[in-house]
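A.B. asks: Please find the sequence and the predicted model below.
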Amino acid sequence: MSTETGRGTAAGTTATGGRKPATWRNWAGTVSVRAAREATPASREELVAAIRGAREDGLKVKAVGRGHSFTAAAATDGLLVRPDLLTGIRRIDRQAGTVTVEAGTPLKRLNVALAREGLSLTNMGDIMEQTVSGAVSTGTHGTGRDSSSIAAQIRALELVTADGRVLTCSKEQNADVFAAARTGLGALGVISAITFSVEPVFFLQAREEPMAFDRVTAEFDQLVTENEHFEFYWFPHTGNCNTKRNNRSVGPAAPPSAIGAFVEDELLSNGLFQVVNSLGRAVPAAIPAIAKLSSRALSARTYTDIPYKVFTSPRRVRFVEMEYAVPREALVETLRELRSMIERSSLRVSFPVEVRTAPADDITLSTASGRESAYIAVHLYKGTPFRRYFSAAEEIFTAHEGRPHWGKLHTRDAAYLAGAYPRFGEFTALRDRLDPDRLFGNPYLRRVLGD
């Protein structure tokens, strides 16, 4: 893409040859914008210049990642900062157990590079196409009894603010900004670099196993307590779930066979799943029968590998998603209410419901801020009408003090969120100080944070 900072180029042209910004779309196709200007900085200095130039020209500024958020958190008609060239590892400090990485680095590239160095993040989500800054800014998380979201693994970050300053933030330096900017929604500035805590690479043994809904819900607390990482998928219109337990192992690596991995991860989880969802979208009445077959398609398996190869999975079937964090102790009741709602309604849901957990953390607007949390994610195949299902699910989630995932679809506003987050006022006060003119504002942030 073209690069433009607004300095040193003729009107209407960019620094790389005159192409105007193309329409930017997110992965799910729920957001599309055409910005007035784009910048693709290759350094912190170029990022600072682009932000200062936009401010002088009266343009709002938003940075995008790989577009895996379903909301318009990064949408702007002003300056769209693309991170494609702001990538790579700056330094590894083995004594401190940290890696400092440029903000636009994809998680996939970081994971592969760390593995080559014999290092690993402690926990991660189930996809790794996102940039590191995009993932942490929206609160991307995996599942864990003791280990938290990706943002909770940050030791320090570098933030370019509205006035063009570069703040280094950690628990020792600009601590108030550090507490908030680790999941900052892009409201406080543009992250230019992140320092993560890392550890020597280790092995995880994954145990995937079908399990009845009634058993999973009855034994949920035990399953979470006994496993370092536990998650499950429930298939609506059935009493069937697929569970996954990840625990540290002494090794050696014993990954799935090439044929087994292709059958489970590509043929069934992506190829066949694409077909059955397309059929379900065309013939909704067939979905319950399809769900019963789909829920029995995946078999039990156990394998061992390094973390990113166990935590992450390919996601090629496109969908829309809503996810809420509820207090962990409310998970079972909330999920049973969701099941009852679907069974009573005429809804036909072709995608499984995903459940994960996280310990409490100290990040101001993390969905796990100050409380142990369980996450319930509802999905529908791209192109399927979703509002009735998501609205009914959201009513249940909010009745249990749910907090919406910042990067996934929801309808909550600042009035609701101020009650859901004890430190909400702390975040908005910091935003008033760092960005009083709302250089980094947009309609989504106005809704969720207020004016």
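C.D. replies: Here it is on my side, so go on. Small disclaimer: the values here were computed from a predicted structure and weren't measured.
A.B. asks: For the stretch 351-451 of the chain, which segments are assigned as helices?
C.D. replies: 387-399, 414-420, 424-434, 443-449 (DSSP state H, counting those that start in this stretch).
A.B. asks: Mean pLDDT and mean neighbour count added to those helices, as JSON lines?
C.D. replies: No exception for glycine: its C-beta is placed from N, CA and C like everyone else's. Compiled in JSON lines, the helices of the stretch 351-451 of the chain are given as follows (pLDDT from 0 to 100; neighbours: other CB atoms under 10 Å):
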{"stretch": "helix 387-399", "mean pLDDT": "98", "mean neighbour count": "18"}
{"stretch": "helix 414-420", "mean pLDDT": "98", "mean neighbour count": "15"}
{"stretch": "helix 424-434", "mean pLDDT": "98", "mean neighbour count": "17"}
{"stretch": "helix 443-449", "mean pLDDT": "98", "mean neighbour count": "17"}
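A.B. asks: Of the ones you listed, which is nearest L119?
C.D. replies: With CB to CB as the measure, helix 424-434 is the member of those nearest L119 (31.8 Å).
A.B. asks: Run the chain-centre distance for that closest one.
C.D. replies: Distance of helix 424-434 from its chain centroid, counting by CA atoms, centre = their mean, to the nearest Å, is 23 Å.
A.B. asks: which residues are contacting it?
C.D. replies: 161-162, 176-177, 179-180, 187-189, 364-365, 417-418, 421, 449-450 (CB atoms under 8 Å, 6 or more residues apart in numbering).
A.B. asks: Can you give the distance of stretch 324-338 from its chain's centre?
C.D. replies: With CA atoms, centre = their mean, you get 20 Å for stretch 324-338.
A.B. asks: can you give me the mean pLDDT across it?
C.D. replies: Mean pLDDT, computed over stretch 324-338, is 98.
A.B. asks: same check, this time on stretch 201-208
C.D. replies: 97.
A.B. asks: Which residues belonging to that stretch are considered buried?
C.D. replies: 201, 203-208 (16 or more other CB atoms under 10 Å).
A.B. asks: With only the CA atoms kept, save it in PDB.
C.D. replies: Listed next in PDB are the C-alpha coordinates belonging to stretch 201-208 (Å, rounded to 0.1, in the frame of the first residue of the first chain):
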ATOM      1  CA  VAL A 201      10.000 -23.000  25.000                       C
ATOM      2  CA  PHE A 202       8.100 -25.900  26.500                       C
ATOM      3  CA  PHE A 203       5.800 -28.700  25.400                       C
ATOM      4  CA  LEU A 204       2.100 -28.900  25.800                       C
ATOM      5  CA  GLN A 205       0.100 -32.100  25.600                       C
ATOM      6  CA  ALA A 206      -3.300 -31.500  24.100                       C
ATOM      7  CA  ARG A 207      -6.200 -33.900  24.800                       C
ATOM      8  CA  GLU A 208      -9.300 -33.400  22.700                       C
END
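A.B. asks: The stretch 101-250 of the chain: helices as residue ranges?
C.D. replies: 107-116, 132-137, 175-181, 213-218, 220-226.
A.B. asks: And K408, how close does it get to R336?
C.D. replies: 22 Å (CB to CB, to the nearest Å).
A.B. asks: Please say which of the two ends up with more neighbours.
C.D. replies: Remark: of K408 and R336, K408 carries more neighbours, 22 against 14, as counted by other CB atoms under 10 Å.
A.B. asks: Selecting buried members of the contacts of helix 424-434 in PyMOL, what would you type?
C.D. replies: In PyMOL syntax, the buried subset of those is picked out as below (16+ other CB under 10 Å):
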select buried, resi 161+162+177+179+180+187+188+189+364+365+417+421+449
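A.B. asks: Between the contacts of helix 424-434, which sits nearest S346?
C.D. replies: Taking those together and measuring to S346 by CB to CB, the closest member is L417, at 31.3 Å.
A.B. asks: what's near enough to touch the closest one?
C.D. replies: Per CB under 8 Å, 6+ apart, neighbours of L417: 403, 424, 448-449.
A.B. asks: again, only using 6 Å
C.D. replies: 424, 448 (CB atoms under 6 Å, 6 or more residues apart in numbering).
A.B. asks: In this structure P288 contacts T238, no?
C.D. replies: No - counting by CB atoms under 6 Å, P288 stays clear of T238, with 7.9 Å between them.
A.B. asks: which residues does the nearest residue to A75 once chain neighbours are set aside bridge with?
C.D. replies: Nearest non-adjacent residue to A75, counting by CB to CB, 6 or more residues apart in numbering: V33, 4.6 Å away. Applying DSSP bridges to V33 yields these beta-bridge partners: W24.
A.B. asks: so how far is S346 from V33?
C.D. replies: V33 is 35 Å from S346, by CB to CB.
A.B. asks: Repeat that for A113.
C.D. replies: 49 Å.
A.B. asks: Would you mind telling me which of the two has more residues around it?
C.D. replies: For A113 and S346, the more surrounded residue by other CB under 10 Å is A113, and the numbers stand at 16 against 7.
A.B. asks: tell me the contacts of that one?
C.D. replies: Here A113 is in contact with I89 (CB under 6 Å, 6+ apart).
A.B. asks: Name the residues that touch stretch 244-260?
C.D. replies: Contacts of stretch 244-260 (CB under 6 Å, 6+ apart): 202-208, 227-231, 303-305, 310.
A.B. asks: Among these, which lie within strands?
C.D. replies: Among the contacts of stretch 244-260, DSSP state E puts 203-208, 229-231, 303-305 in strands.
A.B. asks: Now L80. Nearest residue, chain neighbours left out?
C.D. replies: Going by CB to CB, 6+ apart, L80 has A35 as its nearest residue, at 3.7 Å.
A.B. asks: Quick check: the closest residue to R315 other than its chain neighbours vs T40, distance?
C.D. replies: Among residues not flanking R315 along the chain, I127 sits closest, at 5.3 Å (CB to CB, 6+ apart). As judged by CB to CB, I127 and T40 stand 23 Å apart.
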